[in-house]
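Chemist: Need the 3D shape of this:
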Amino acid sequence: MSDRAQLARLISDARRIVAFTGAGISTESGIPDFRSPGGVWSRMKPITFQEFTADPDKRHEAWSRAFSGKAGWTGRAPNAGHFALARLAAQGRLSSVITQNVDNLHQDSGVPAERVIELHGNASYATCLDCGSRHELEDLRAPFLERDEIPTCRWCGGLVKTAVISFGQSMPAGPMRAAEDETLACDLFLVLGSSLTVFPAAGFPLLAKRSGATLAILNREPTELDRVADLALQGEIGPILSEIVP
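Modeler: Residues are numbered from 1 along each chain as shown. You can find the predicted model right below:
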């Protein structure tokens, strides 16, 4: 049986699937990844959470980047891989998507927002660092671009930042707990487009495997956990999932 046929069988037989997605699923939509040559951080130095909160100039630079689209994290359309997961969700077999991505493409493809667990936040909106209120980027754009006003919270006056988790910022406790719960409850943990090198997020596939779930990995290149996976195959996510997910 070919690797693709094995993956199709695993997906068909599973009752509760958790998909764990990384940059590799979104690069097929034209969104650059973070760390590879030509990726976001090879083109611009990341602004840490501590720099953002302490330095008005860094806050200004961060918002300039956000509204210029330099990082390229937003404004793209979902691809065949995203839509395949949305079909699995509609069939009631995809319990959740745990994602390292910040591009909102899983929600845009039709996966219900309550089933998307974002470990690294979301670049499509902003939040207040004090009260947690959500702010839409379009509401903040004109004051910044036309009057050079660095966004602050309309409710409490606190600092407002895009909802991406920055370097030096604590991982979000709620999503981390939810990801752990979903990992422990699944019977198939499906890794899609992650190199599995960034922790603590990369610990979830191991947790799933140790808890009795089947671990399958589909990535463009080999990963550190291929040796412990029940199935590991290399290839493009969208074409492969389109072939095997009705």
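
Chemist: Break down the chain into its strands, ranges please.
Modeler: 17-21, 94-99, 116-118, 121-128, 134-136, 160-164, 188-192, 214-219, 231-234 (DSSP state E).

Chemist: Paired strands for the second one, with orientation please.
Modeler: So that's strand 94-99. Taking DSSP bridges as the criterion, strand 94-99 forms sheet pairs with strand 17-21 (parallel), strand 116-118 (parallel).

Chemist: buried ones in the longest one?
Modeler: Along strand 17-21, these residues count as buried under the neighbour rule (16 or more other Cβ atoms under 10 Å): Ile17, Val18, Ala19, Phe20, Thr21. Placement of C-beta: from N, CA and C, glycine included.

Chemist: Quick one: residues contacting the spatially most central residue of the chain.
Modeler: Note on the chain: the residue nearest the mean C-alpha position is Asn101, at 2.0 Å, using Cα atoms, centre = their mean. Contact partners of Asn101, counting by Cβ atoms under 8 Å, 6 or more residues apart in numbering, are Thr21, Gly22, Ala23, Ile25, Ser26, Ile31, Glu118, His120.

Chemist: pretty sure the last one is touching Thr162, no?
Modeler: So the one you mean is His120. No - counting by Cβ atoms under 8 Å, His120 stays clear of Thr162, with 11.4 Å between them.

Chemist: So for the two, which sits in the more crowded spot?
Modeler: Under the criterion of other Cβ atoms under 10 Å, the comparison of His120 against Thr162 puts Thr162 first, with 26 against 21.

Chemist: Let me see the domain layout of this structure.
Modeler: According to automatic domain parsing, the chain comprises the domains 1-31+77-120+171-246, 32-72+122-164.

Chemist: is it true that Phe189 touches Phe20?
Modeler: Yes - between Phe189 and Phe20 there is a contact at 6.5 Å, judged by Cβ under 8 Å.

Chemist: Need the overlap of contacts for those two.
Modeler: The contact sets of Phe189 and Phe20 overlap at Phe204, Pro205 (Cβ under 8 Å, 6+ apart).

Chemist: TSV for the buried residues of strand 17-21, including distance to Ala84 and pLDDT?
Modeler: Formatted as TSV, the buried residues of strand 17-21 follow (distance: Cβ to Cβ, whole Å; pLDDT from 0 to 100):
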residue	distance to Ala84	pLDDT
Ile17	11	98
Val18	15	98
Ala19	9	98
Phe20	15	98
Thr21	11	98
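
Chemist: of the residues you listed, closest to Ala178?
Modeler: Nearest to Ala178, judged by Cβ to Cβ, of those is Val18 at 10.8 Å.

Chemist: residues contacting the closest one?
Modeler: Contacts were defined as Cβ under 8 Å, 6+ apart; by that measure Val18 touches 94-98, 182-183, 185-186, 188-190, 208, 213.

Chemist: List only buried entries from those.
Modeler: Neighbour-count burial (16+ other Cβ under 10 Å) applied to the contacts of Val18 gives 94-98, 182-183, 186, 188-190, 208, 213.

Chemist: what's stretch 83-94 in contact with?
Modeler: Residues from elsewhere that reach stretch 83-94 (Cβ under 8 Å, 6+ apart): 11, 14-19, 21, 78, 97, 106, 109-112, 115, 192, 238, 241-242, 245-246.

Chemist: can you do 6 Å?
Modeler: Residues external to stretch 83-94 that are found in contact with it (Cβ atoms under 6 Å, 6 or more residues apart in numbering): Ile17, Ala19, Ser109, Gly110, Val111, Leu241, Ser242, Val245.

Chemist: Out of those, which is nearest to Ser124?
Modeler: Ser109 (13.7 Å).
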